[in-house]
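K.L.:
Return a 3D structure for these sequence lines:
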Amino acid sequence: MFLRHLRAIIILSVLCSAVSSASQLSSKPATSCSAEANAILQFPDDGTDADLFRNYQSAIRPFLINEKFADLDCVAGVLRSRKERFKGGMWKLHAFYEDIETPPLHPTEEDWQDHLAHLQHWVSARPESITARVALAEAYLGYG
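P.N.:
Residues are numbered from 1 along each chain as shown. Now for the predicted structure:
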């Protein structure tokens, strides 16, 4: 019980820090994403919702694995400002976070440690990124 409360306090402090950092930054998303990031932003919205969701997510995960943090921030910023949804009504930003908050499939402890290391490196490399902090906080919740 104590560990659960401690974990919640840590996550809240990360999120409060992210909100504080975000309030000091410009609210305008980056407009010059890389060609790879733009491909995600131009993702076709056809097919079934399940197919779209899987394909969309499989396009995002490599950015985290390859530590293309500027692209992740750019895509999330554009999705946040455009407030885009899939045909079925799901927010694209929600799908973005859902993909990067946990390792794929049935993760082992090693998978989690590797995943958390990528997210922590993102926070370190781009301390102004609210996207990185939210993803890390969500990962800690999922890991728990």
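K.L.:
Tell me where the model's unsure across the chain.
P.N.:
For the chain, the stretches flagged by pLDDT under 70 are 1-31, 46-50.
K.L.:
how about a cut-off of 50?
P.N.:
Across the chain, the stretches falling below the confidence threshold (pLDDT under 50) are 22-30.
K.L.:
Relative to Thr131, how far out is the residue nearest to the spatial centre of it?
P.N.:
Relative to the mean C-alpha position of the chain, the nearest C-alpha, by C-alpha atoms, centre = their mean, is the one of Tyr97, at 3.8 Å. When C-beta to C-beta, to the nearest Å is applied, the distance between Tyr97 and Thr131 equals 8 Å. To be clear about C-beta, it is placed using only N, CA and C from the backbone, and glycine gets the same treatment.
K.L.:
With Asp71 instead?
P.N.:
Between Asp71 and Thr131 the computed distance is 11 Å (C-beta to C-beta).
K.L.:
More neighbours: which of these two?
P.N.:
Using other C-beta atoms under 10 Å, the more surrounded residue of Asp71 and Thr131 is Thr131, with 25 against 22.
K.L.:
tell me which element that one falls in.
P.N.:
helix 130-143 (DSSP states H and E).
K.L.:
same thing with Asp71?
P.N.:
Secondary structure here is read from DSSP H and E; on that basis Asp71 sits in helix 69-82.
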